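Asker: what shape does this take:
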Amino acid sequence: MKFIHSVQSEWYKTKRSAASWLCIVGGFFIPIIYFIAFLKNQNSINDYDSKINIWDNLFMQLWSNMGTFILPMGLILASSLLTQMEFKNNTWKQLHTTPQSYTNIFFAKFSVLLLMTLKFFIFFNIGMILTGLLPCLIFDHQLPKEAIPIKNFAMGNLKIFVASMPLLALQYLLSLKFKNFLVPVGIGLMGLIGTLIGIQWKYIFISPYSYAPLLFMKGVSKINIFLYAGIPFILIMTISYFLYIAKKEKG
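Answerer: Have a look, this model is predicted:
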C-alpha cells in the first residue's frame, strides 16, 4: 500500500510538467505527419497496395519512423526530466525524510517513468487509429476496408515497449547519477546515434539503445525480444538500485 501511495505521489508531480507534455506531443507527432500527408495526397489507407492488412501496414510504417529515433530520444528526455524536477527544486533531501524507504522511492519513480511511457504509447495508438480512419471517411466516404487487427496491435506494442526497457533502465541510472540535466541527455544522444550508425554490427545488441531499432530491421524481426531485452534490463536495474542505495548524498 505504501508503494502505491509513493507512485501516486510521484505521478502527481508530473502533472503539467515538461515530461507530461512530451508524452502527448511525442505520441501524436508521427501520426499527425502521416495524416497531413494523406490530406495533401487526398488518399487513405484503403489505397495501400499491400499483401498484408492495411492497418498492419500503417502500424509498421508509423512505428518504423517512430521507433528508430523519436521514441528513444523521447524516453531519454523523459527519464532525465523526471529526476530533474527533484534536482531543480532541491527536494531530494525533503523526499528522503518522508516515511518511505529508499527502495520505495527508487521503484516508485521508475514506475512513473513506465507509466509515462505507457501514456506515450496510448497517445501514439490513438493518433495512429485516427490517421487511418479519418482520411477514409473524408475521401472514401466509408470506413477502412479491413478491420483493425487488435491482437497484432497489442503484440506489436508490447514488443516495442519491452524493447525500450533497457534504454529506460540505463537512462534512469544516469539521471539519478548526474545533477546536470544535459549530462544524461548527452550520453543518451551519443549512445543512440552511435548505435544507429553501427546497427549492422553483429554484436550491436550489447547496446541498450539497439533493441527498438532492431525490431524494424529485416532478418531480425523473429528474435525473442523478451529474452534479449529482459536480461540487460534486469542487469542494469540491479546495478542502478544498488548504486542508488549505496550513494551517500542522494540529492
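Asker: contact partners of stretch 99-113?
Answerer: 2-3, 6-7, 9-11, 14, 78-79, 82-83, 95-96, 168, 172, 237, 240-241, 244-245, 250 (Cβ atoms under 8 Å, 6 or more residues apart in numbering). No exception for glycine: its C-beta is placed from N, CA and C like everyone else's.
Asker: out of those residues, which are inside helices?
Answerer: 2-3, 6-7, 9-11, 78-79, 82-83, 95-96, 168, 172, 237, 240-241, 244-245 (DSSP state H).
Asker: just the buried subset of those residues, please.
Answerer: Among the ones in helices among the contacts of stretch 99-113, those classed as buried by neighbour count (16 or more other Cβ atoms under 10 Å) are 6-7, 10-11, 78-79, 82-83, 95, 168, 172, 237, 240-241, 244.
Asker: least confident pick among the residues you listed?
Answerer: When those are sorted by pLDDT, the bottom entry is Leu95 at 76.
Asker: my guess is that one contacts Phe87. True?
Answerer: No. Applying Cβ atoms under 8 Å, one finds Leu95 not in contact with Phe87, separated by 11.2 Å.
Asker: got the CA positions of the lowest-mean-pLDDT helix or strand in the chain in PDB?
Answerer: Between all helices and strands in the chain, the lowest mean by mean pLDDT, DSSP states H and E belongs to helix 92-96, at a mean of 75. Extracted C-alpha coordinates of helix 92-96, given in PDB (Å, rounded to 0.1, in the frame of the first residue of the first chain):
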ATOM      1  CA  TRP A  92      15.700  15.200  -2.900                       C
ATOM      2  CA  LYS A  93      16.600  15.700   0.800                       C
ATOM      3  CA  GLN A  94      13.000  16.500   1.600                       C
ATOM      4  CA  LEU A  95      11.900  13.400  -0.200                       C
ATOM      5  CA  HIS A  96      14.300  11.200   1.700                       C
END
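Asker: among the buried ones among the ones in helices among the contacts of stretch 99-113, which one lies nearest to Thr195?
Answerer: Checking these against Thr195 by Cβ to Cβ gives Leu168 as the nearest, at 14.9 Å.
Asker: quick one: that closest one from Leu137, how far?
Answerer: Distance, Leu168 to Leu137, using Cβ to Cβ, to the nearest Å: 37 Å.
Asker: who's in contact with the residue nearest to Tyr172 when sequence neighbours are not counted?
Answerer: The shortest distance from Tyr172 to any non-neighbouring residue, by Cβ to Cβ, 6 or more residues apart in numbering, is to Ser79 (5.2 Å). Residues counted as contacts of Ser79 (Cβ under 8 Å, 6+ apart) are 113, 168, 171-172, 174-175, 184.
Asker: mind redoing it with 6 Å?
Answerer: The contact partners of Ser79, by Cβ atoms under 6 Å, 6 or more residues apart in numbering, come to 113, 171-172, 175.
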